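[1] model this:
(chains A and B)
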Protein chains: 2
Amino acid sequence: MPETPMTGDLGEIMAERRAQVDAALDRWLPPAGEAPATIHEAMRYSVFAGGKRLRPMLALLGCEAVGGKAEDAMPAAVALELIHTYSLVHDDLPAMDDDDYRRGRPTCHKVYGEAVAILAGDALLTHAFHVLTDPATSAVPAARRLQMIAEISAAAGSVGMVGGQTMDIQAEGKTLDPATLLTLHSKKTGALLRASLRVGGMAGGAGDFALASLTRYGEHLGLAFQIVDDILDIEGSSAEMGKTAGSDLRKHKATYPGVFGLEASRNEAAKLLADAREAVRPLGDAGAVLAALADFVGRRRH
Amino acid sequence: MPETPMTGDLGEIMAERRAQVDAALDRWLPPAGEAPATIHEAMRYSVFAGGKRLRPMLALLGCEAVGGKAEDAMPAAVALELIHTYSLVHDDLPAMDDDDYRRGRPTCHKVYGEAVAILAGDALLTHAFHVLTDPATSAVPAARRLQMIAEISAAAGSVGMVGGQTMDIQAEGKTLDPATLLTLHSKKTGALLRASLRVGGMAGGAGDFALASLTRYGEHLGLAFQIVDDILDIEGSSAEMGKTAGSDLRKHKATYPGVFGLEASRNEAAKLLADAREAVRPLGDAGAVLAALADFVGRRRH
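    Predicted coordinates for the structure are as follows:
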C-alpha cells in the first residue's frame, strides 16, 4: 500500500476547505430575504444542514492535485453541492423515500410543505448551472467550462444520478443480482463523485493522463463510499448517522452487504480504497491529500 | 398598428419549425429503450405530448430576426422545451396542482407514478443544460453559449419561473393586488418566454440594439400570452383546451381577469400585442414573422 504522508494534516485541510465551500455557497445562493422569500429560505435551509461537502472537497482537491488553484474549481464545487442537496430534498419526499429527518433535522418538506420542497429542489438544480456560468469568478476558459457543464449534467441526469435513483425505487423489495447492484450504485452515487474529481481536474487544466488518474480514483472511491455507507447503515448508531440505523433494511433497499454479505463488503471497500490511493500515485505529492482522503473514507463512522 | 405582411405564411412557417423542433427533440433525448428504460420512457411521454413548441419557436424566430441561422439556435430551442416540459410535469403532481390530464392525455404521474414523474422532471431539467453544451451542433462561440446558459438558468430558477410557481402556490385562495399578480405572471411564464427570444438572438449574434428589441417583444408577448391563457380558461371549451375549462377559477388561482375583469383583460392583451409588434419593427423584414406571431397569439383559441 502506498504511504499517505499527509494523513495528519487531512483534518485541517478538510476543515479549511469546508469553511471556504460554506462561504462560497452563502455568497452564491440568493439571500434568504430575496422575493419570493419562501423558496430562498427553503433552498438555504437544505444547503446549510450540516453536509460533509464531500463533492466540493473532491473538486477542490482534484484541481489542486493536477497543479491548479482551488479557487478556479469553486464554482464547480458549489454547483456539485447544490445538485447533491437537491437530490436529497427530492429523495426525502413522501412519494420517494418518505424521510422525516436528515442529519437530525426535519427534512425540507416537513418544514416547508411538499410543493415548496419540490420547487426548492428544482431551483437548486437550476441554480447549479447558473453558478457554473458566472463570468467573474473563474480563470477557466469558456470552452473548458462548457466541458465541465457537460460532465456535470451527464453525471446528474437520467444516465447518471437520476437514473440510479430510478433503479433504486424500482429495486425496493426485490433481490438484485450483483451486476445490477453495481450499476445502480455507480449511477446513483458514483457518477457525481466521479464527476467531482473530473471537473476539479478540468478546472485545474489537467491533461488526459492526469484526468485519467482522477477518473480512476473517483470510480474506486465512489463505490467504496457507497459500500461503507451501506455498512454504516447496518452497524452505525442513530445518533452518529443522524438518521435511523437499519433504515435501508427496513425499506428493503438494495445494499451491498445485503447482496454480498458484511465481511465481503468490508474487504471490497478496503480493496477499492487501496486501488483509489494507487490511482493517484502518479500525481506525486500533489495527489497525497486525495490518498489520505481515501483512508478517511475507510475510517468514517457516519 | 404596423402591418404584418407575413401573416399568410405564418401557419406554414410554424408547422415547418415545429417539425424541425420535434425532430431535434427526438435526436437529443436518450432513446426510450436506454437503461433505465422507465425514466427515458417517462421523459419522452411528457415531451411528445402535443405541445405547441412556443418557446423553441420564439428562439428560432428570434435568431432569424437578427440575421442568424435557425440551426444555431436549435440546442437552445430544445433546452427551452425540455425545461418547459419538466415544469409542467412537476406542476401536475398531486402536491402541486394535482392534475390528472394535460392536453387530453393522462399526466406523467398518472402513467408512471409520482416518484418517476418527479425524477423525469429532474432529468428533463438536467438534460436541458447538457444539450446546451453539445459541441457538435452549433457554430455559436463558447463564451456566447455560456451567456445563453446563464440567461436560461436565471429565467428558469428561483428568481424566474420557479419563483413564479412558488408565488402561484402561495396565492391560491387569496386575492392578489395587481402589482403582485403582474410580478407572478412575469416570473411564472414571462421569464422563460423572454429568455427564449433573448437566447435566440444571442445564438444569432445579436448586438445590444437588436437584443433590446427582442427583449421588449418577449416581455410584451409573454404577458399577453398569459392574459390570453387566463381568458381562455374562462371562455374556452374543455375540448379545445385539452383540460377542464374554468379549472383556474375552481382552484382559486390568481388570474388576470379575476383581478382586472374580462373586458379590461382583453383590451390589455390587445395593447400588449400591438406593443410587441412595435418592438420588432426596427428589425425590419426579418422581424415580420415575430410580428405575425403576435397576431397569432391574440387569435388563439387554445
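[2] going forward, measure contacts and count neighbours with C-alpha atoms only.
    OK.
[3] now the residue of chain A most remote from its centre: how far from chain B?
    Residue farthest from the centre of chain A, counting by CA atoms, centre = their mean, is A:A35 at 29.4 Å. A:A35 sits 7 Å away from chain B, going by CA to the nearest CA, to the nearest Å.
[4] How about that residue: what's its closest non-neighbour residue?
    Closest residue to A:A35 apart from its sequence neighbours, by CA to CA, 6 or more residues apart in numbering or on different chains: B:V159 at 7.4 Å.
[5] so what's the residue farthest from the centre of chain A scoring on pLDDT?
    What the model reports for A:A35 is a pLDDT of 94.
[6] Report the secondary structure state of it.
    Under the three-state scheme (DSSP: H, G, I helix; E, B strand; the rest coil), A:A35 adopts coil.
[7] now the closest residue to A:D91 other than its chain neighbours, what's its secondary structure?
    Leaving aside its sequence neighbours, A:D91 sits nearest to A:D97 (CA to CA, 6+ apart; 5.7 Å). Using three-state DSSP, the structure places A:D97 in coil.
[8] from what I can see A:D97 touches A:V89, true?
    No: using CA atoms under 8 Å, A:D97 is not in contact with A:V89, being 10.2 Å away.
[9] Write out the residues of the stretch 1-150 of chain A neighbouring chain B.
    By CA under 8 Å from any CA of the partner chain, the residues of the stretch 1-150 of chain A that approach chain B are A:35-36, A:38-40, A:90, A:95-96, A:114-116, A:118-120, A:122-127, A:129-130, A:133-134, A:142-143, A:146-147, A:149-150.
[10] Helices - which of the residues you listed land there?
    A:38-40, A:90, A:114-116, A:118-120, A:122-127, A:129-130, A:142-143, A:146-147, A:149-150 (DSSP state H).
[11] Would you mind giving me the PyMOL syntax to select the buried ones in these?
    Those of these that count as buried under 16 or more other CA atoms under 10 Å in any protein chain shown are selected in PyMOL with:
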select buried, chain A and resi 38+39+40+90+114+115+116+118+119+120+122+123+124+125+126+127+129+130+142+146+147+149+150
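[12] What average pLDDT does stretch A:228-246 get?
    The average pLDDT within stretch A:228-246 is 71.
[13] I'd like to check which residues are in contact with A:A120.
    A:A120 makes contacts with A:I39, A:H40, A:A42, A:M43, A:Y86, A:V89, B:S158, as judged by CA atoms under 8 Å, 6 or more residues apart in numbering or on different chains.
[14] one more time with 7 Å, if that's ok
    A:I39, A:A42, A:M43 (CA atoms under 7 Å, 6 or more residues apart in numbering or on different chains).
[15] gap between it and B:L232?
    A:A120 sits at a distance of 30 Å from B:L232 (criterion: CA to CA, to the nearest Å).
[16] do A:P75 as well
    44 Å.
[17] Spell out which residues sit in contact with the nearest residue to A:E34 once chain neighbours are set aside, please.
    Computed as CA to CA, 6+ apart, the closest residue to A:E34 that is not its neighbour in sequence is A:H40, at 6.8 Å. Shown in contact with A:H40 (CA under 7 Å, 6+ apart): A:P30, A:P31, A:A32, A:E34.
[18] quick revisit: neighbours around the residue nearest to A:A35, how many?
    Using other CA atoms under 10 Å in any protein chain shown, the number of residues around B:V159 comes to 23.
[19] pretty sure it is in a strand, no?
    No: B:V159 sits outside any strand when classified using three-state DSSP, being coil.
[20] quick one: pLDDT of it?
    97.
[21] gap between it and B:H185?
    Distance from B:V159 to B:H185, by CA to CA: 12 Å.
[22] Likewise for A:F48?
    30 Å.
[23] count of residues packed around the closest residue to A:L60 other than its chain neighbours?
    Leaving aside its sequence neighbours, A:L60 sits nearest to A:A70 (CA to CA, 6+ apart; 5.0 Å). Neighbours of A:A70 under the rule other CA under 10 Å: 20.
[24] Just the strands from the stretch 51-200 of chain A, written as ranges.
    For the stretch 51-200 of chain A, the strands defined by DSSP state E, counting those that start in this stretch cover A:101-102, A:105-106.
[25] Going by neighbour count, which residues of stretch A:183-198 are buried?
    Neighbour-count burial for stretch A:183-198, with 16+ other CA under 10 Å as criterion, is recorded at A:184-198.
[26] ok, and the closest non-adjacent residue to A:A143?
    Closest residue in space to A:A143, ignoring its immediate chain neighbours: B:A142 at 5.3 Å, by CA to CA, 6+ apart.
[27] backbone phi and psi for the residue nearest to A:A35, please?
    The phi/psi pair for B:V159 (degrees, to the nearest 10) reads phi -100, psi 0.
[28] Point to the helix or strand of chain A where mean pLDDT is at its lowest.
    Ranked by mean pLDDT, DSSP states H and E, the weakest helix or strand in chain A is helix A:238-241, scoring a mean of 53.
[29] and A:P75 and B:L232? which has more neighbours close in?
    A:P75 (27 against 18).
[30] wait, doesn't the more buried one sit right on A:H130?
    No: taking contacts as CA atoms under 7 Å, A:P75 lies outside contact range of A:H130: 9.4 Å.
[31] contacting residues around the most centrally placed residue in chain A?
    The centroid of chain A falls nearest to A:R55 when counting by CA atoms, centre = their mean (4.1 Å). Going by CA under 7 Å, 6+ apart, A:R55 touches A:A77, A:L80, A:E81, A:L193, A:S196.
[32] For A:G62, see how far away it is.
    Noted for A:R55: a distance of 10 Å to A:G62, by CA to CA.
[33] repeat for A:G236
    To A:G62, A:G236 is 29 Å away according to CA to CA.
[34] mind showing which ranges of chain A have poor pLDDT?
    A:1-8, A:136-137, A:237-247, A:249-250, A:252, A:302 (pLDDT under 70).
[35] Kindly recompute the last result at 50.
    Scanning chain A for pLDDT under 50 picks out A:1-7.
[36] Give me the buried positions along the longest helix along chain A.
    Across chain A, the helix with the greatest residue count (assigned by DSSP H) is helix A:208-235. Using 16+ other CA under 10 Å as the test for burial, helix A:208-235 gives A:210-234.
[37] now swap in stretch A:292-302 and tell me
    The neighbour-count check on stretch A:292-302 (16+ other CA under 10 Å) flags A:A292, A:L293, A:A294, A:D295, A:V297, A:G298, A:R301, A:H302 as buried.
[38] Save those as CSV, and put in distance to chain B and secondary structure too.
    Listed next are these as CSV, based on distance: CA to the nearest CA, whole Å; DSSP: H, G, I helix; E, B strand; the rest coil:
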residue, distance to chain B, secondary structure
A:A292, 33, helix
A:L293, 29, helix
A:A294, 29, helix
A:D295, 33, helix
A:V297, 29, helix
A:G298, 30, helix
A:R301, 30, coil
A:H302, 27, coil
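[39] Out of those, the closest to A:A264 would be?
    A:G298 (14.5 Å; CA to CA).
[40] wait, A:A95 sits on B:E114?
    Yes: A:A95 is within contact range of B:E114, at 5.9 Å (criterion: CA under 7 Å).
[41] Distance check, A:V21 against A:A73.
    Using CA to CA, A:V21 is found at 11 Å from A:A73.
[42] Show me which of the two is the more surrounded one.
    Set side by side, A:V21 and A:A73 show more neighbours around A:A73, with 31 against 22, by other CA under 10 Å.
[43] can you pull the contacts of that one?
    A:A59, A:L60, A:C63, A:G200, A:A203.
[44] count of neighbours near the last one?
    Using other CA under 10 Å, A:A203 has 31 neighbouring residues.
[45] Is the residue nearest to A:L60 in contact with A:E64, as I believe?
    Yes: A:A70 is within contact range of A:E64, at 5.9 Å (criterion: CA under 7 Å).
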